[in-house]
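Student: Predicted model and sequence below, questions to follow.
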Amino acid sequence: MNVELVEFTRQALATGIERKEIADTLRRAGWAEYDVKAAMDAFVDVAFPVPVPRPKPYLSAREVFVYLILFAALYVAVANIGALIFELIDRSFPDPLSKTYIQLSNSTIRWSISWIIIAFPLFILTFSSVTRAITRDPTKRASRPRKWLTYLTLFVAGAFLVGDAATLIYNVLGGEVTIRFVLKVTTIAVIAGGIFTFFLSDMRKDERI
């Protein structure tokens, strides 16, 4: 964040100039929209004789630990839900050329269910705890670990969506579309699309605060 710009904004707010007027002036002066928003967000929009600084994001070991558990549980749960659905699709629509043994298939299903039983409730419990903490103290939305891991998740989910679409187009152009393939592509699209939409919406809430 540009210190000079923040100081200018503080002084302008202290003289009673409206926030919109300050922002418009900075834009006309050539400042980028990101810099303008960062400078304005440095101060809380409340009625007070002097500008009130906005609480700055903080970083604590406990917070990093909680968010690592949250997103690790999410990744494990989602990966095993996908693996379970894939295995069920293969069992429902077997490939005559495949030599997958039923014992191996059963083992895969058992492992997937086992991980889901552990990871999914852990994710729900951790997510509920984080949500309650943010409700009590909205400044926790500015948590750096939360933002970093959320954007990483958006990147991963987006990459899966792009790869899924490319795979679909490739197979359609090659005339290699089967029921198994369509169901698996749909599974990836639903899971990755749901995660991407949810966390993108969550990040947009931060922008409106």
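Tutor: That came through, no problem.
Student: Burial check on the closest residue to residue 69 other than its chain neighbours, number of neighbours?
Tutor: Among residues not flanking residue 69 along the chain, residue 126 sits closest, at 5.4 Å (CB to CB, 6 or more residues apart in numbering). In this view, the C-beta of every residue, glycine as well, is placed from N, C-alpha and C. Other residues within reach of residue 126, judged by other CB atoms under 10 Å, total 19.
Student: residues in contact with residue 126?
Tutor: When contacts are counted by CB atoms under 8 Å, 6 or more residues apart in numbering, residue 126 is found next to 66, 69-70, 73.
Student: could you say which helix or strand contains it?
Tutor: For residue 126, the enclosing helix or strand under DSSP states H and E is helix 102-136.
Student: where's residue 133 relative to residue 189, distance?
Tutor: With distances defined as CB to CB, to the nearest Å, the gap from residue 133 to residue 189 amounts to 32 Å.
Student: and what of residue 181?
Tutor: Here the distance between residue 181 and residue 189 works out to 12 Å (CB to CB).
Student: Kindly report the same for residue 35.
Tutor: Computed with CB to CB, the distance linking residue 35 and residue 189 is 37 Å.
Student: residue ranges for the helices of the chain, please.
Tutor: 3-14, 19-28, 33-41, 61-92, 102-136, 144-173, 179-208 (DSSP state H).
Student: Check which residues of stretch 192-199 are buried.
Tutor: When neighbours are counted by 16 or more other CB atoms under 10 Å, the buried residues of stretch 192-199 are found to be 192, 195-196, 199.
Student: Give me the contacts around it.
Tutor: Counting by CB under 8 Å, 6+ apart, residues outside stretch 192-199 touching it are 74, 78, 150, 153-154, 157-158, 160-161, 164.
Student: Quickly check those residues for the two that are furthest apart.
Tutor: For the contacts of stretch 192-199, with distances taken as CB to CB, the pair at the greatest spread is 150 and 164 (20.9 Å).
Student: Who does residue 44 form a beta bridge with?
Tutor: With DSSP bridges applied, the residues forming beta bridges to residue 44 are residue 52.
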